[in-house]
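Participant: just need the structure, nothing else, for what follows:
(chains A and B)
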There are 2 protein chains.
Amino acid sequence: MSDQPIEERILSAIQTALSGIDGRVPLHEPHFSGNESAYVQDCLDSSFVSSIGKYVDRFEHMLAEYTGVQRAVAVVNGTSALHAALTIAGVGQNDEVLVPALTFVATANAVTYTGAVPHFVDCEEKTLGVDPLKLENYLKKVTRKGVDGCENKFSGRRIRAIVATHIFGHPVDLDPIEALCRRFGLVLIEDAAEAIGSFYKGSHVGNRGFLSVLSFNGNKTITTGGGGAILANDEALGDLAKHITTTAKVPHPWAYIHDRVGYNYRMPDINAALGCGQMEQLPSFIYKKRALAHRYAEAFSDVQGVRFFKEPEFADSNYWLNAILLDDSVQGYREDVLELTNQNGIMTRPVWTLMHKLSMFRECPSMDLATSESIERRLINIPSSPML
Amino acid sequence: MSDQPIEERILSAIQTALSGIDGRVPLHEPHFSGNESAYVQDCLDSSFVSSIGKYVDRFEHMLAEYTGVQRAVAVVNGTSALHAALTIAGVGQNDEVLVPALTFVATANAVTYTGAVPHFVDCEEKTLGVDPLKLENYLKKVTRKGVDGCENKFSGRRIRAIVATHIFGHPVDLDPIEALCRRFGLVLIEDAAEAIGSFYKGSHVGNRGFLSVLSFNGNKTITTGGGGAILANDEALGDLAKHITTTAKVPHPWAYIHDRVGYNYRMPDINAALGCGQMEQLPSFIYKKRALAHRYAEAFSDVQGVRFFKEPEFADSNYWLNAILLDDSVQGYREDVLELTNQNGIMTRPVWTLMHKLSMFRECPSMDLATSESIERRLINIPSSPML
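Facilitator: Next up is the predicted model:
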């Protein structure tokens, strides 16, 4: 068995876990078998498909109840949610925001929309997210207390916030990150775009951030076509998030007065109708996704040189996107694995190109990123749809 | 008859034009009686509700064909379309963009997202849009030719572009505005958010701008729940618009490389499915909206002190939002008209608060805005749904 090339052994392990699945297997596809059609049709029948309508309110209540936050505000996508959250956190021109190098590009893009500069930090292999210990040592070295808060000694810019992304749905270690934020005066934003249905020490992710964000893109655990949400554990912050994502219009039966620069980020009601149907199915999706992860763990348990990524011990993860990590000794075979699996109709992909390697972020400040670089060379995402 | 208070005469004229309509009459509501449900259901059945799916392509082709442009790029809303168009036009920090004072707030907001400053210009009563003659005289006075193009003598900033909004769907006078743009080296962006179905001298609006934008918000002539489009008469510009509104990802079967700061502005497929159904009905909506405008014109023809706003002679307008203008002598009755009509279940509203009066834009540069101020005091929008 171990004479087989590693790419064949990996293909075979995936096929074992997916036994009974025929045809091309996408990385992640949505599933609509509940009330989605009925709610969308009801929304069309009401003619309130846009900004006024009952489904946005209902979807926001369902999200708040499920995640345990005070308020959820539905918006057009996770990127806009993050931009709004950073804006509310006071991030702007001449600020820096700590952002993982290993994340989807939206995390860093959203920082630039505020006029601030992303400052890239390394991850730990246990969570794939921000490494709190390494970050602590780094901040001690490169920052000083400025008049305006934490200051980067080298750039002279204020470091205002950190975006902690729960990579592939796996919660980062929030306790030490929160402690760091208190110590250095940083605002914590939880980027839970990939993590609806994931719990950290018994609480749903998104409860610790000053504000947090979710995404409901088509490749996520639940989808609204495109969509996202801002989570707030403070009514006033929730109100503000609603206000600036709905053009900052002052309520009035007919007058059009806007009291600050606002954004047109509200989720249309037709997308929220789809979301309400999806939310009803979320617990069953999570159950099935965790069962699939369990089958992968079994199937990969005797594949030498490969580790199936499992949730950290403090987490119950949604296993949004399953991942395997090649050992250093076989990392050179990553392209072979990608080619063989994709040729065989099983969609796999490497992790995103690290942020500091993208042309537009090459000049941004950054700590040593050894772990992110190692994971980039070794990680492969494998099919993860709830229906597998 | 003329002994009656003006608010009663206006109410009665509206009721005459809407004869046979019962119950509360909203300002503008969407109508779905074609293939909208079928297409949305087909989209759900395909499971491709998000970024990949056939309806976005189909909707973009329908838009390009109907408006006569080379390329249409569907996005989440008109605001994002305008932001992307300005970004592609090279607008950024330390620029100014000429923007009508009389417009919806999104026009000015989108300018600020690029880091530029809105510079407010007056409108003419004939079109409600930019007054080309007044603008010419103003630009002669306040600008000089700088190394980088047209420069504001007083602020020292470059004036990069003008956003010409077709207010309530009525085309502005594009010929002289285009001539001004050539003479002063300004980029023309047509804000046709309200103007799908409107023609200037026989061509659909949106064909003259370097780029132009449409909106499909719930209150527009056709809707996608929320949505917008960028129109381009140049394939390469269309490609660029698509690229930067879809996170600037470089095409590859599995690698995630992005070559510039991009935006998550793409329209989800489920919204495009709705849009395809609406596009099929657009000609009949325009026909009905023009017929309603004709009935209003008749009903108001003998109401002294009030003028129903009619399309300029060079235009065939979609009459998106019908408007009446009070004479100066009776402008003091505007609130009475708003109150009486709304109390009687007929939704009316004043025009948007002028941009230079909003707190966040008070310090922005501005020309004399006498006509805009006069129209603000005198204009009232009246019900305009295609089904009336």
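Participant: quick one: contacts for the closest residue to residue A:204 other than its chain neighbours?
Facilitator: Distances taken as Cβ to Cβ, 6 or more residues apart in numbering or on different chains put residue A:67 closest to residue A:204, at 4.3 Å, once the chain neighbours are dropped. C-beta coordinates here come from the backbone N, C-alpha and C atoms, glycine included. Contact analysis of residue A:67 by Cβ atoms under 8 Å, 6 or more residues apart in numbering or on different chains lists A:196, A:204-207, A:214, A:231.
Participant: nearest to chain B among these?
Facilitator: Ranked by distance to chain B (Cβ to the nearest Cβ), the contacts of residue A:67 are led by residue A:214 at 14.0 Å.
Participant: who does the helix or strand that the closest one is a member of touch, helix- and strand-wise?
Facilitator: Following DSSP states H and E, one finds residue A:214 within strand A:211-215. In this structure, strand A:211-215 packs against helix A:78-88, strand A:187-191, strand A:228-232, with contacts taken as 3 or more Cβ pairs under 8 Å, 6 or more residues apart in numbering or on different chains; DSSP states H and E.
Participant: of all the ones you listed, which one comes closest to residue B:264?
Facilitator: helix A:78-88 (3.9 Å; Cβ to Cβ).
Participant: in the stretch 201-350 of chain A, which residue sits closest to chain B?
Facilitator: Residue of the stretch 201-350 of chain A nearest chain B, by Cβ to the nearest Cβ: residue A:218 (2.2 Å).
Participant: so that residue is in contact with residue B:48, correct?
Facilitator: Yes: applying Cβ atoms under 8 Å, one finds residue A:218 in contact with residue B:48, separated by 7.3 Å.
Participant: what is in contact with those two at once?
Facilitator: Common contact partners of residue A:218 and residue B:48 (Cβ under 8 Å, 6+ apart): residue B:269.
Participant: list the helices and strands the longest strand that chain A contains packs on?
Facilitator: Longest strand of chain A, by residue count under DSSP state E: strand A:158-165. When contacts are defined as 3+ Cβ pairs under 8 Å, 6+ apart, strand A:158-165 packs onto helix A:78-88, strand A:95-100, helix A:105-113, strand A:149-152, helix A:174-184, strand A:187-191.
Participant: residue A:53 contacts residue A:272, correct?
Facilitator: Yes: with contact defined as Cβ under 8 Å, residue A:53 reaches residue A:272; the gap is 7.4 Å.
Participant: so between the two, which is more surrounded?
Facilitator: residue A:272 (30 against 21; other Cβ atoms under 10 Å in any protein chain shown).
Participant: that's a strand at the more buried one, yeah?
Facilitator: No: using DSSP: H, G, I helix; E, B strand; the rest coil, the secondary structure at residue A:272 is helix, not a strand.
Participant: and the angle from the longest strand of chain A to helix A:105-113?
Facilitator: Orientation check (axes from the mean of the first three to the mean of the last three Cα atoms, to 10 degrees): strand A:158-165 against helix A:105-113 gives 160 degrees.
Participant: strand A:158-165 vs helix A:174-184, what angle?
Facilitator: Going by the same axes, to 10 degrees, strand A:158-165 makes 180 degrees with helix A:174-184.
Participant: strand A:158-165: how far from the chain's middle?
Facilitator: 15 Å (Cα atoms, centre = their mean, to the nearest Å).
Participant: and it, what's its mean pLDDT?
Facilitator: The pLDDT scores in strand A:158-165 average 98.
Participant: can you show me the helices along chain A?
Facilitator: A:6-17, A:36-46, A:54-67, A:78-88, A:105-113, A:132-142, A:174-184, A:235-244, A:269-300, A:334-343, A:370-378 (DSSP state H).
Participant: against residue A:381, how distant is the nearest residue to residue A:290 once chain neighbours are set aside?
Facilitator: For residue A:290, ignoring the flanking residues on the chain, the nearest one in space by Cβ to Cβ, 6+ apart is residue A:319 at 5.9 Å. Plainly put, residue A:319 is 11 Å away from residue A:381 if you go by Cβ to Cβ, to the nearest Å.
Participant: so for these two, which sits in the more crowded spot?
Facilitator: Between residue A:319 and residue A:381, counted using other Cβ under 10 Å, the more crowded position is residue A:319 (28 against 22).
Participant: residue A:291 is in contact with that one, correct?
Facilitator: No: counting by Cβ under 8 Å, residue A:319 sits too far from residue A:291 to count as a contact (9.4 Å).
Participant: quick one: stretch A:365-384 near chain B?
Facilitator: No: Stretch A:365-384 stays clear of chain B (Cβ under 8 Å from any Cβ of the partner chain), getting no nearer than 9.1 Å.
Participant: closest point of the stretch 51-200 of chain A to chain B, which residue?
Facilitator: Counting by Cβ to the nearest Cβ, the stretch 51-200 of chain A gets nearest chain B through residue A:79, at 3.9 Å.
Participant: contacting residues for that residue?
Facilitator: Counting by Cβ under 8 Å, 6+ apart, the residues that residue A:79 touches are A:106, A:109-110, A:228, B:263-264.
Participant: that one and residue A:327: what is the separation?
Facilitator: Counting by Cβ to Cβ, the gap from residue A:79 to residue A:327 is 35 Å.
Participant: thinking again about what came up before, rebuild the contacts of residue A:67 as TSV, extending it with pLDDT and neighbour count.
Facilitator: Formatted as TSV, the contacts of residue A:67 follow (pLDDT from 0 to 100; neighbours: other Cβ atoms under 10 Å in any protein chain shown):
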residue	pLDDT	neighbour count
A:196	98	28
A:204	98	20
A:205	98	30
A:206	98	29
A:207	98	18
A:214	98	28
A:231	98	29
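Participant: who in the stretch 251-388 of chain A is up against chain B?
Facilitator: Residues of the stretch 251-388 of chain A found near chain B (Cβ under 8 Å from any Cβ) are A:253-264, A:266-271, A:274, A:338, A:342, A:347-353, A:358-360.
Participant: buried ones only from the residues you listed, please, as a ChimeraX command.
Facilitator: A single ChimeraX command selects the buried members of these (16 or more other Cβ atoms under 10 Å in any protein chain shown):
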select /A:254,256,258,261,262,263,264,266,267,268,269,270,271,274,338,347,348,349,350,351,352,353,358,360
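Participant: tell me the gap between stretch A:379-388 and the middle of its chain.
Facilitator: Using Cα atoms, centre = their mean, the offset of stretch A:379-388 from its chain centre is 16 Å.
Participant: ugh, wrong one, I meant stretch A:38-57
Facilitator: 27 Å.
Participant: then stretch A:236-252?
Facilitator: Relative to the centre of its chain, stretch A:236-252 is centred 24 Å away, using Cα atoms, centre = their mean.
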